[in-house]
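just coords:
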């Protein structure tokens, strides 16, 4: 037997290694024949899953084993159930773990072999940029930060992600929003001297408390918040502040105090400030009048009940010029010295912008450039050279080539044939996968030179892009959606210990945690059992971690016994999987199944009572476990709950906002459960151990989500061989995050780099 490196096995690793050794020994002793493999179905499965019984609407005896690829959807479902330990059900005969592992491997190998012989990369729908991608593309194209929520409506999600092509249609209303956004953004970027004053209001975060100093605010202040505001011109701007406080109010610009409002300065107006054009950081905070916080209870109450409700920026007033902004420096690669130079200079500017915006080389004779030059000429005729560029830029930002990810298809291909996408289209696929934005100069250059398809160049570019700060989009776009962190902003726990500061801290902890796995290129299994996390004082106090002061987040080490190790111990996920007034083992169990094990539970039968509050006897204090056990008395509920509830019960020591507790309703918390495959779970440590034993299943579940996000479409059964190939390859590199990404980009069959020829050319869909 090959040597096995016993390095960093961790909790649960010994059990997983034991199974692997047993499987290896079993296979070396005598590999079962195909007939013996199929006999497993007859012995353990077909007694229920036959044409007569049709348990789960599945009849395995009607399937042809010699044509597994024809029924790939059914067999992939079988594999998922067996891998998850969900079948055979409790009480039925079950093969040994090593024999089951060999059989599942046989099914997977059969499907994978068929997939290699007939690769199917799928036909993704034409993809519109979602609003996050649009904002990032504008940022990288013209160096302009975008408040996209104020410009465009939200996008629909499919499979948990809002970048899925089938959901990104465009309605006449949305098209008008893009037109309006492009006009606004082009004026901000170029600087419109005729801009009229506008009011922009910024409100305090929801449920925000102002008792402590906020990281980034001036020393000696408490509470408040900061925003990034784009000032359109060099001009005067008026600030109006609405405060609920007896303390003075500090107004800062880029970290420096520019005004101090006296106490009781509610609804105050700051004298007009002279501000240069471009993006600046505005901050408002309360001056700390006492040093007795935490000692003087009266002061603490006062501090928590006061704050800055909102502030408004009014301007520009008395503008003096367009200013020297990053946007103007990015846009104006030249300035004409006279009328004769205007058209050549405009051509140079718009050719460069179009190349980046349309993600392809744009030459001087390109019809797309001619369109932009027509808009430039119209704007120039009505005003200045800058006005012409502004008009052309507005047209570019609403062009279908910018808003949609249109890919060229070679001419003459028969429908259904498989082809490799061009290097230029591959560059866009890479940049939107890793950056949620457009390609940069280096990536476009490699694509234009025909170098990107070379494996060494492609691998190098992926590593470069992962090291770029823009790869943080994998946190803010992918991880936030995979882990459903956006829901944290909407929860409303009925717990007096919960406030807006804790809400913000909970989400930030998980984002920083995932970001560390990405930036340090750690094994993704560290997401289950990392020996560190990130906290500020507010979150540390919630977790009971000592000696943490201030609102600055810092990395803290966790001992092996800490319940906070990995995602399972993070309050963001524990809060969003709770009800407003109690924990929810069902929600938590389903979350683990869906996101960490990739084995979604069946939907509950119609008309099943789900209000657990009504199952409690009147006037009797009961635990959540007792109420669920009463609920399971319904036979139609018992099967699903035997799968879901043990996973949720293991997390019952965490209350509805993720705080630790030892008792509930006056009774000791019972966090023990037995998983459907017989595994004993004793609290969060037991659940963590189960997930580590099933680390391959966890990595596969994560890979499915990452591939869905990368392709911009939901996965089909024909994609599962690719998922397994990525996981097997990444195992050689300890499942490092970069190994999963490289596996997706270089996967065989090449889902990421290939495409099926469509019957009709791509076109925008307007509802």
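Perfect, I can see it now. Only a predicted model underlies this, so the values are computations on that prediction, with no experimental measurement involved.

all helices for the stretch 351-500 of the chain, in order.
Using DSSP state H, counting those that start in this stretch, the helices of the stretch 351-500 of the chain run over 367-382, 385-396, 400-403, 423-434, 441-448, 455-467, 473, 480-482, 500-519.

how far away is residue 128 from residue 712?
Using CB to CB, to the nearest Å, one obtains 10 Å as the distance from residue 128 to residue 712. The C-beta positions use only the backbone N, C-alpha and C, and glycine is treated the same way.

ugh, typo on my part, it should be residue 384
41 Å.

number of residues surrounding the closest residue to residue 574 other than its chain neighbours?
Nearest residue to residue 574, sequence neighbours excluded (CB to CB, 6 or more residues apart in numbering): residue 658, at 3.8 Å. Around residue 658 there are 27 other residues, counting by other CB atoms under 10 Å.

show the average pLDDT along the helix or strand harbouring residue 645.
Element membership for residue 645 (DSSP states H and E) is helix 635-649. For helix 635-649, mean pLDDT is 78.

what's downstream of it, the next helix or strand?
Next along the chain after helix 635-649, taking DSSP H and E as the criterion, comes strand 663-664.

partner strands of that next one, with direction?
Strand 663-664 has its sheet partners listed here by DSSP bridges as strand 667-668 (antiparallel).

could you point out which element follows the partner strand?
As assigned by DSSP H and E, the chain's next helix or strand after strand 667-668 is strand 672-674.

which strands and helices sit next to that next one?
Counting contacts by 3 or more CB pairs under 8 Å, 6 or more residues apart in numbering; DSSP states H and E, strand 672-674 is packed against helix 635-649, strand 680-682.

and the contacts of it?
645, 646, 647, 649, 650, 680, 681, 682, 683, 686 (CB atoms under 8 Å, 6 or more residues apart in numbering).

before we move on, what about stretch 350-357?
Stretch 350-357 has contacts (CB under 8 Å, 6+ apart) with 137, 140-142, 331, 333, 361-364, 366, 368-369, 372-373, 376, 389, 392-393, 396-397, 399, 401-402, 438-439, 444.

run the last query once more with 10 Å
When contacts are defined by CB atoms under 10 Å, 6 or more residues apart in numbering, stretch 350-357 is touched by residues 137-138, 140-142, 330-331, 333-334, 360-364, 366, 368-373, 375-376, 388-389, 392-393, 395-397, 399, 401-403, 438-441, 444, 448.

flag every buried residue along it.
Neighbour counts over stretch 350-357 (16 or more other CB atoms under 10 Å) mark 350, 351, 353, 354, 355, 356, 357 as buried.

again, but for stretch 497-505
Buried residues in stretch 497-505, counted by 16+ other CB under 10 Å: 498, 499, 501, 502, 503, 504, 505.

how close does the closest residue to residue 249 other than its chain neighbours get to residue 286?
Distances taken as CB to CB, 6+ apart put residue 261 closest to residue 249, at 4.1 Å, once the chain neighbours are dropped. Separation of residue 261 from residue 286 (CB to CB): 10 Å.

which one's more surrounded, these two?
Between residue 261 and residue 286, counted using other CB under 10 Å, the more crowded position is residue 286 (26 against 22).

tell me which helix or strand the more buried one sits in.
Going by DSSP H and E, residue 286 is part of strand 278-287.

so which elements touch that strand?
The contact analysis (3 or more CB pairs under 10 Å, 6 or more residues apart in numbering; DSSP states H and E) places strand 278-287 against strand 221-231, strand 234-244, strand 249-253, strand 256-261, strand 307-321, helix 326-331.

for residue 509, find the nearest of those.
Across the helices and strands packed on strand 278-287, residue 509 has its closest neighbour in strand 221-231 (18.8 Å, CB to CB).

just want the angle from that closest one to strand 307-321.
If you take axes from the mean of the first three to the mean of the last three CA atoms, to 10 degrees, strand 221-231 sits at 30 degrees to strand 307-321.

neighbours around residue 157, how many?
By the criterion of other CB under 10 Å, residue 157 has 14 neighbours.

let me see the contact set for it.
Taking CB under 10 Å, 6+ apart as the criterion, residue 157 is in contact with 130, 163, 164, 167, 481, 486.

let me know whether the last one touches residue 480 as I believe.
Yes. Taking contacts as CB atoms under 10 Å, residue 486 lies within contact range of residue 480: 6.0 Å.

those two: which has the busier surroundings?
residue 480 (19 against 13).

contact partners for the more buried one?
With contacts defined as CB under 10 Å, 6+ apart, residue 480 is in contact with 473, 474, 486, 487, 488, 507, 510, 511, 514.

let's see that with 8 Å instead.
Per CB under 8 Å, 6+ apart, neighbours of residue 480: 486, 511.

against residue 379, how distant is it?
39 Å.

related to what we said a few turns ago, now for residue 261 and residue 286: what residues contact both?
Common contact partners of residue 261 and residue 286 (CB under 8 Å, 6+ apart): 243, 248, 249.

which non-adjacent residue is nearest the second one?
Closest residue to residue 248 in three dimensions, ignoring its sequence neighbours and counting by CB to CB, 6+ apart: residue 287, at 4.0 Å.

quick check: bridge partners of that neighbour?
Residue 287 has these beta-bridge partners by DSSP bridges: residue 221.

that one reaches residue 250, doesn't it?
Yes. Counting by CB atoms under 8 Å, residue 287 does reach residue 250; the two are 5.7 Å apart.

counting neighbours, go ahead and name the busier of these two.
residue 250 (23 against 17).

quick one, what contacts that one?
Neighbouring residues of residue 250 by CB under 8 Å, 6+ apart: 217, 218, 221, 224, 257, 259, 260, 283, 284, 285, 286, 287.

thinking again about what came up before, who has more neighbours, residue 384 and residue 712?
Neighbours per residue, other CB under 10 Å: of residue 384 and residue 712, the larger number sits with residue 712, 23 against 13.

pretty sure that one sits against residue 127.
Yes. Counting by CB under 8 Å, residue 127 is a contact partner of residue 712 at 5.2 Å.

quick check: neighbours shared by the two?
Any residue near both residue 712 and residue 127 by CB under 8 Å, 6+ apart counts here, and that gives 163, 165.

can you pull the pLDDT of the residue nearest to residue 248?
With respect to pLDDT, residue 287 has a value of 87.

and which of the contacts of residue 250 is nearest residue 194?
For the contacts of residue 250, the residue nearest residue 194 by CB to CB is residue 259; the value is 28.5 Å.

any idea how far residue 317 is from that closest one?
Distance of residue 259 to residue 317, computed by CB to CB: 16 Å.

pretty sure residue 37 contacts residue 103?
Yes. The criterion here is CB under 8 Å, and residue 37 meets it with residue 103 at 5.8 Å.

among the two, which residue is more densely surrounded?
Of the pair residue 37 and residue 103, residue 103 is the one with more neighbours under other CB under 10 Å, namely 21 against 17.

by mean pLDDT, point me to the weakest helix or strand of this protein.
Ranked by mean pLDDT, DSSP states H and E, the weakest helix or strand in the chain is helix 297-304, scoring a mean of 39.

just the helices in the stretch 651-767 of the chain please.
Using DSSP H, counting those that start in this stretch, the helices of the stretch 651-767 of the chain run over residues 683-693, 695-711, 720-731, 737-745.

which one of those helices lies nearest to residue 546?
Closest to residue 546 of the helices of the stretch 651-767 of the chain is helix 683-693 (CB to CB; 20.7 Å).

and the angle from that closest one to helix 695-711?
Using the same axes, to 10 degrees: helix 683-693 against helix 695-711 is 80 degrees.

sketch out the low-pLDDT regions of this structure for me.
Along the chain, the model assigns pLDDT under 70 to residues 1-31, 52, 263-266, 290-306, 604-622, 627-639, 748-749, 759-767.

for residue 114, which non-adjacent residue is closest in space?
residue 69 (3.8 Å).

so what's the one you found up against?
For residue 69, the contacting residues are 111, 114, 115, 118, by CB under 8 Å, 6+ apart.

can I get these in CSV with neighbour count and distance to residue 204?
What follows is those, written out as CSV (neighbours: other CB atoms under 10 Å; distance: CB to CB, whole Å):
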residue, neighbour count, distance to residue 204
111, 22, 54
114, 16, 58
115, 22, 53
118, 10, 58
